[in-house]
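[1] Using only what follows, build the 3D model:
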Amino acid sequence: MTKLNKTILPALGSGLVGATVLTALHETARQFIDEAPRADILGERAIKKGLKKAKLKVPPKDELYFWTLGGDLLSNALYYSLVGLAKPKHAVLAGATLGLAAGAGAVGLPGPMGLGTAPSSRTTATAAMTVGWYLIGGLATAGAYLLLKRRLR
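    Numbers count the residues shown, from 1 in each chain. Model prediction:
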């Protein structure tokens, strides 16, 4: 295996693990917790807004939901894969930092972006869950990264 593959594969694989953990948290919690963050709603709004701006047809709601899940998984996996820029001994710090930064962005950016604030920060509990779940995703990414780096030595 080339040196490049030993660097890129653990980063991308661990990013996908973190994104999957984050999405599973969002999707499960929204079924049971009234104040749970609604990343699905933010994603749907973002996709609709982009398609309308590009003068493209917006898919039906059920189809839009799957576009949103796919977009969330892809974008979060690529974002969390930035953990690969850190040395393995700093992976946990990098994962936590990435998670906290993403959580803060998910709380603070939707309003200025015209996507509304309720899905990620309608209550203090909603905002705390948003940040906490992105942090968990970052920590899951770090754990997966360390495991994959060890396996690919």
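
[2] Give me the residue ranges of this structure where confidence is low.
    1, 3-4 (pLDDT under 70).

[3] which helix is the longest one in it?
    helix 3-32 (DSSP state H).

[4] Enumerate the positions of stretch 105-112 that are buried.
    Buried positions in stretch 105-112, judged by neighbour count with 16 or more other Cβ atoms under 10 Å: 106, 107, 110. (Each C-beta comes from the backbone N, C-alpha and C, glycine too.)

[5] From these, which land in helices?
    Counted as lying in helices by DSSP H, out of the buried residues of stretch 105-112, are 106, 107.

[6] Closest one of the buried residues of stretch 105-112 to residue 48?
    Comparing those against residue 48 with Cβ to Cβ places residue 110 closest, at 13.5 Å.

[7] thinking that closest one is in contact with residue 43, fair?
    No - using Cβ atoms under 8 Å, residue 110 is not in contact with residue 43; the gap is 10.4 Å.

[8] Now do the contacts for the residue nearest the centre of the chain.
    For the chain, the residue sitting closest to the mean C-alpha position, by Cα atoms, centre = their mean, is residue 76 at 3.5 Å. Neighbouring residues of residue 76 by Cβ atoms under 8 Å, 6 or more residues apart in numbering: 15, 18, 19, 22, 23, 102, 137.

[9] okay, now the fifth one: neighbour count?
    Number of residues near residue 23 (other Cβ atoms under 10 Å) recorded here: 19.

[10] Check the one 10 residues further on too.
    When neighbours are counted by other Cβ under 10 Å, residue 33 registers 12.

[11] which SSE is the spatially closest residue to it that is not a sequence neighbour in?
    Distances taken as Cβ to Cβ, 6 or more residues apart in numbering place residue 129 nearest to residue 33, at 7.6 Å, with adjacent residues excluded. Residue 129 belongs to helix 124-151 when assigned by DSSP states H and E.
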